[in-house]
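Engineer: below are the sequence and a predicted model; questions follow.
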Amino acid sequence: MNSAEEKKVGANNGGIAVWKTLVVELSQKWARRYSAGRILWGAGFVLAILSLVAVVAISCRSGKQLQEATRAVTHTREVLEKLGDIAARLSEVESAARSFAISGKQSHLSPFYTAAEAVPPQVDELKLLLRDDPSQLRSVTEIEPVIARHLKVMKDMVELGDKNLFRGYGQRSLTDEGNNLMEQIRIAFSTMDKEQRARLDQEQTAVAAKAERVTMISWAGSVLAGMLVLACGACALRAMHGRGKAEEKLGRLLGSMPDALVIVNAEGKIAGTNAQTGKLFGYSDRELEGESMALLVPERFRKTQRQYYAAHFSPRGGRVPETTMELCGLHKDGREFPIEVSTKPLAAEKGLVVTSAIRDITDRKRVEQQISKLNKELERRAMELENANKELEAFSYSVSHDLRSPLQNIDSFSLILMEDYANQLDAEGLDYVQRLRGSCQHMQDIIDALLALSNMMRKELLVDHFDLTALANAVAADLKQKNPDRLVDWVIAEGLTAEGDAQLLRVVLENLFGNAWKFTANRPRARIEFGALPQSNGARTYFVRDDGAGFDMAHAGHLFKPFKRLHDQSEFRGTGIGLATVQRVIHRHQGKIWAEGVVNHGATFCFTLTGEAGESNGQDYHPAQPK
């Protein structure tokens, strides 16, 4: 054996000695703690058993109290239910008796006799339920003759009705007496109902308190039992694992670590590694033990690394804390890769060692590079978007100022032609001038719509909770005010609310309601409906429906494109911007919009409003009547 091999063997023996030192330390520490803690464990175990028994006893007693309180609540509810049943039966008796006495129809007799026969047994059942409540039982006993008299009066009324004598003989007297008796019964039942409901509230409060107490006791018992189980498990584990297993446990721990682990001694040599170290760097345990830690990094980092590890063992310097740094690792095949090294000094029995956890961060670096690339791309896109917005603002300014002036000149000169030179133009010439003015106005409307669309898309979204029904009613009122002679049935759902920008959503309703108003103009009496329907995922779909001109579904894809119109300008005027504006507002609210229609049978426009959490903004509603 040459000197190099002897040096290698000596280093290996030194590494093994360090591992054994760590194992001995762990074993001795465990033995001291076990011998000192046996008495504490025993005392704690006995105390835990006694506490658990006490908790079980208290839990059983509280459970019985909860059962009694629950039975009391059930009994009170049965009393209230029985009171309601008797009152309902008496009302059925009175209603059927009067109906028969007045109309003479035999169909009223069956419910009368059914209800009249059911009342006495129900009164007996109520008395049985109140047998333990003298006050309430006395009230039932006092009202029982009144109930019997009321049934007698109703039977007399039926008998007179059967003889066709009710109207001529006993109508007023029997009716008045029946009303008086029924009022006494109602007053008595109302008093009993109030007392029973007050008692029910008290009993439910008691049940809730007892249930909370049982829950707390059960929780405490569960925690105590869990602690007891854990304590028993810990004792069992301590008994099962002796000092001889400490080294095996430590080896398994190091082998299961996802990171490479290297232990360096005061000489700067590798004293121990785990299996992950060999996988990461390509060396076996024999090849690494006794070598310098510098073997695992490129040449340009070795001097710095030696100084770094030497600082941990320097008698002059202070204690170096746990640190983490990024370096380049060097594989056995010469390949470099990024690593993260976390070092921590560890005081062993025979001196200080430094543990180093080494992790391959190649994937993390790759992700960081991708994120950096994406950020740069995002910055470039943001710059492009900012430039596009500036160009859009310049275009809006040009449309607003540069195009309006020529249009106004054309319109003004056309007006002068019509007013000052009308006698020099024939009918065809006047028609051309009129068309010219109409085209100017149409172009002006398009410019206004484009400017409104541009300003709206640059407007900051102000999300708030608001009343959507009130907003819809306001828009509908504006339309009715502009043309009060039209006959239109408005059906707007009540109770609709939403989360969104109220001003922008008003633009949506103004366009959708305006289209419905426009395309139902040829109807002698039109119907426009606004509401919401639930979706399968719990969200809501809002809709605007009309019975107007409708459209061909084959052209539905052009509805929301700017300047794409499905009807001729001479038939229905418009700019072709409205639905495009609606779609952009809905998209800004992260929603969707679509339409369905049939020619000459109306159209339905549906849209959703979805918040950042993916949940519906709409709430339930009740259908409204036509306005």
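Structural biologist: Structure received.

Engineer: from here on, contacts and neighbour counts on C-alpha atoms
Structural biologist: Fine.

Engineer: quick check, Met325 in a strand?
Structural biologist: Yes. Using DSSP: H, G, I helix; E, B strand; the rest coil, the assignment for Met325 is a strand.

Engineer: got the confidence number for it?
Structural biologist: pLDDT, Met325: 79.

Engineer: Lys344 is in contact with that one, correct?
Structural biologist: No. Counting by CA atoms under 8 Å, Met325 does not reach Lys344; the two are 12.0 Å apart.

Engineer: ok, those two, which is more surrounded?
Structural biologist: Lys344 (16 against 10; other CA atoms under 10 Å).

Engineer: which residues touch the nearest residue to Glu596 once chain neighbours are set aside?
Structural biologist: Nearest residue to Glu596, sequence neighbours excluded (CA to CA, 6 or more residues apart in numbering): Thr604, at 5.3 Å. Neighbouring residues of Thr604 by CA atoms under 8 Å, 6 or more residues apart in numbering: Phe543, Val544, Arg545, Asp546, Ala595, Glu596, Gly597.

Engineer: now the residues you listed: which count as buried?
Structural biologist: Buried subset of those (neighbour count, 16 or more other CA atoms under 10 Å): Phe543, Val544, Arg545, Asp546, Ala595, Gly597.

Engineer: what's the longest strand along the chain packed up against?
Structural biologist: In the chain, taking DSSP state E as the definition, the longest strand is strand 336-348. Using 3 or more CA pairs under 8 Å, 6 or more residues apart in numbering; DSSP states H and E as the contact test, the elements touching strand 336-348 are helix 3-103, strand 323-330, strand 351-360, helix 362-397.

Engineer: pick out the shakiest of these, pLDDT-wise.
Structural biologist: Minimum mean pLDDT among the helices and strands packed on strand 336-348: helix 3-103, a mean of 66.

Engineer: what sits up against stretch 291-302?
Structural biologist: If you take CA under 8 Å, 6+ apart as the criterion, stretch 291-302 is touched by 264, 268-270, 281, 303, 305-306, 327-331, 336.

Engineer: can you pull the buried residues of that stretch?
Structural biologist: Those would be Glu291, Ser292, Met293, Ala294, Leu295, Leu296, Val297, Pro298, Arg302, for stretch 291-302 by 16+ other CA under 10 Å.

Engineer: adding neighbour count and distance to Ser222, write the contacts of stretch 291-302 out as JSON lines.
Structural biologist: Formatted as JSON lines, the contacts of stretch 291-302 follow (neighbours: other CA atoms under 10 Å; distance: CA to CA, whole Å):
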{"residue": "Val264", "neighbour count": "25", "distance to Ser222": "47"}
{"residue": "Gly268", "neighbour count": "23", "distance to Ser222": "53"}
{"residue": "Lys269", "neighbour count": "21", "distance to Ser222": "52"}
{"residue": "Ile270", "neighbour count": "27", "distance to Ser222": "49"}
{"residue": "Phe281", "neighbour count": "23", "distance to Ser222": "50"}
{"residue": "Lys303", "neighbour count": "10", "distance to Ser222": "59"}
{"residue": "Gln305", "neighbour count": "16", "distance to Ser222": "54"}
{"residue": "Arg306", "neighbour count": "14", "distance to Ser222": "55"}
{"residue": "Leu327", "neighbour count": "18", "distance to Ser222": "50"}
{"residue": "Cys328", "neighbour count": "19", "distance to Ser222": "52"}
{"residue": "Gly329", "neighbour count": "25", "distance to Ser222": "51"}
{"residue": "Leu330", "neighbour count": "21", "distance to Ser222": "54"}
{"residue": "His331", "neighbour count": "19", "distance to Ser222": "53"}
{"residue": "Glu336", "neighbour count": "16", "distance to Ser222": "55"}
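
Engineer: got the residues you listed as CSV, with distance to Glu287 columns?
Structural biologist: As requested, the contacts of stretch 291-302 are exported to CSV (distance: CA to CA, whole Å):
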residue, distance to Glu287
Val264, 15
Gly268, 16
Lys269, 12
Ile270, 10
Phe281, 11
Lys303, 21
Gln305, 20
Arg306, 19
Leu327, 22
Cys328, 20
Gly329, 16
Leu330, 14
His331, 13
Glu336, 19
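
Engineer: ok, these vs Val354, which is closest?
Structural biologist: Using CA to CA, the shortest approach to Val354 within these belongs to Val264, at 5.2 Å.

Engineer: so the closest one makes contact with Thr355?
Structural biologist: Yes. At 6.4 Å, Val264 counts as touching Thr355 under the criterion of CA under 8 Å.

Engineer: right, and the helix or strand after the helix or strand hosting Asp478?
Structural biologist: For Asp478, the host element (DSSP states H and E) is helix 468-482. The helix or strand immediately downstream of helix 468-482 is strand 488-492, counting by DSSP H and E.

Engineer: rewinding a little: and the residue nearest to Glu596, helix, strand or coil?
Structural biologist: Applying three-state DSSP: Thr604 is strand.

Engineer: same question, Ala549
Structural biologist: coil.

Engineer: for it, which non-adjacent residue is spatially closest?
Structural biologist: Among residues not flanking Ala549 along the chain, Asn600 sits closest, at 4.3 Å (CA to CA, 6+ apart).

Engineer: the one you found: how many residues sit nearby?
Structural biologist: Neighbours of Asn600 under the rule other CA under 10 Å: 14.

Engineer: poorly predicted segments of the stretch 201-350 of the chain, please.
Structural biologist: Within the stretch 201-350 of the chain, the ranges that satisfy pLDDT under 70 run 225, 228-229, 231-257, 315-321, 348-350.

Engineer: at 80 what do you get?
Structural biologist: Within the stretch 201-350 of the chain, the stretches with pLDDT under 80 are 210, 214, 217-258, 266-268, 271-272, 285, 293-294, 304-323, 325, 346-350.

Engineer: about what we covered before: can you list contacts of the longest strand of the chain?
Structural biologist: Contact partners of strand 336-348, identified using CA under 8 Å, 6+ apart, comprise 18, 21-22, 25, 298, 312, 320-331, 352-362, 365.

Engineer: filter the residues you listed down to the buried ones, PyMOL style.
Structural biologist: In PyMOL, this line selects whichever of those come out buried by 16+ other CA under 10 Å:
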select buried, resi 18+21+22+298+312+327+328+329+330+331+353+354+355+356+357+358+359+360+361
